[in-house]
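Visitor: Provided below for reference: sequence and predicted model.
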Amino acid sequence: MNLFSRILRRIRRTIKINQRRRQAQRLGLRSIPPNYIFFERFSPDSVIVDAGCSYEAELSRHMMGAYGARAFGVDPTRKHADALHALEQESGGCFTYIQAAIAAQEGALTFNESLTNESGSIFNDHYNMRNFESRSYEVEALSLPGLMQRLGVPQVDLLKLDLEGAEYDLLNAVSAADLAPFRQIFVEFHHNAVPHLTPADTQARVHRLESLGLRSFSLDDVNYLFYRD
């Protein structure tokens, strides 16, 4: 691709994103750093699931602070455990830490933890595993029905899935019944981090969730909000 083609591609992408930002404003969507989009349909009775929350759990912190919501942080990464246990203690019962991975099937799976980077993955060809030192260990895996059983709540107002590639198998396996408890689902797709996954794989999962009755919105074709009218 020559320089002119690259510049033209960037211009088109900028125009598309600006158009989508205007659309998001018309829909009434809210965006917060680093990449989250959602409808502000929250109250102190709301339940948030922050899957792949990492040690900062920034979405959980925002939802607890802004709306008084109850947050569940789900993350299998051992090096994040101390920080998440500390947040659980500090939150006064508003934050619950579940040390597990969200995946297509229940049971145990091998998780790869990057020793340098924040994010690990179940895939050893993830960018962080291919380019940096890592270690592997077995973790508990929860499906979406298993997650709901663990939470013990009838409904989740926002489910965030930042699964570093595991979202593809998960979303390929879910049923409409599995998705029914979730009013909004935010998914960060990782076709840019896992080489055997492509933008076409992302679009296939988006279309599948739409076929199960959800609407979708994205600013950048990577981070998607799925929601119900």
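Guide: Arrived safely, thanks for sending.
Visitor: C-alpha only now, for contacts and for neighbours.
Guide: Will do.
Visitor: low-scoring stretches of the chain, by residue?
Guide: Across the chain, residues meeting the criterion (pLDDT under 70) sit at 1.
Visitor: tell me where it has helices.
Guide: 3-27, 58-67, 81-90, 127-131, 144-151, 167-173, 176-179, 199-211 (DSSP state H).
Visitor: now those helices in JSON lines, with distance to Tyr224?
Guide: Below are the helices of the chain laid out as JSON lines (distance: least, CA to CA, whole Å):
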{"stretch": "helix 3-27", "distance to Tyr224": "12"}
{"stretch": "helix 58-67", "distance to Tyr224": "15"}
{"stretch": "helix 81-90", "distance to Tyr224": "25"}
{"stretch": "helix 127-131", "distance to Tyr224": "21"}
{"stretch": "helix 144-151", "distance to Tyr224": "18"}
{"stretch": "helix 167-173", "distance to Tyr224": "12"}
{"stretch": "helix 176-179", "distance to Tyr224": "15"}
{"stretch": "helix 199-211", "distance to Tyr224": "8"}
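Visitor: now mean neighbour count and distance to Gly52 too, for those, in TSV please.
Guide: TSV is the format used below for the helices of the chain (neighbours: other CA atoms under 10 Å; distance: least, CA to CA, whole Å):
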stretch	mean neighbour count	distance to Gly52
helix 3-27	12	25
helix 58-67	17	10
helix 81-90	16	12
helix 127-131	18	15
helix 144-151	16	13
helix 167-173	17	11
helix 176-179	13	18
helix 199-211	16	18
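Visitor: quick one: which of the ones you listed is nearest Leu161?
Guide: Judged by CA to CA, the one of the helices of the chain that comes nearest to Leu161 is helix 167-173, at 7.1 Å.
Visitor: and that closest one, what does it pack onto?
Guide: helix 199-211 (3 or more CA pairs under 8 Å, 6 or more residues apart in numbering; DSSP states H and E).
Visitor: export only the CA atoms of the helix it packs on, formatted as PDB.
Guide: Only the C-alpha atoms of helix 199-211 are listed here, as PDB (Å, rounded to 0.1, in the frame of the first residue of the first chain):
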ATOM      1  CA  PRO A 199     -12.100  -8.900  11.200                       C
ATOM      2  CA  ALA A 200     -14.300 -11.300   9.300                       C
ATOM      3  CA  ASP A 201     -14.500 -13.500  12.400                       C
ATOM      4  CA  THR A 202     -15.500 -10.400  14.400                       C
ATOM      5  CA  GLN A 203     -18.200  -9.500  12.000                       C
ATOM      6  CA  ALA A 204     -19.500 -13.100  12.000                       C
ATOM      7  CA  ARG A 205     -19.900 -12.900  15.800                       C
ATOM      8  CA  VAL A 206     -21.600  -9.500  15.600                       C
ATOM      9  CA  HIS A 207     -24.100 -10.900  13.000                       C
ATOM     10  CA  ARG A 208     -24.700 -13.900  15.200                       C
ATOM     11  CA  LEU A 209     -25.700 -11.800  18.200                       C
ATOM     12  CA  GLU A 210     -27.900  -9.700  16.100                       C
ATOM     13  CA  SER A 211     -29.600 -12.900  14.800                       C
END
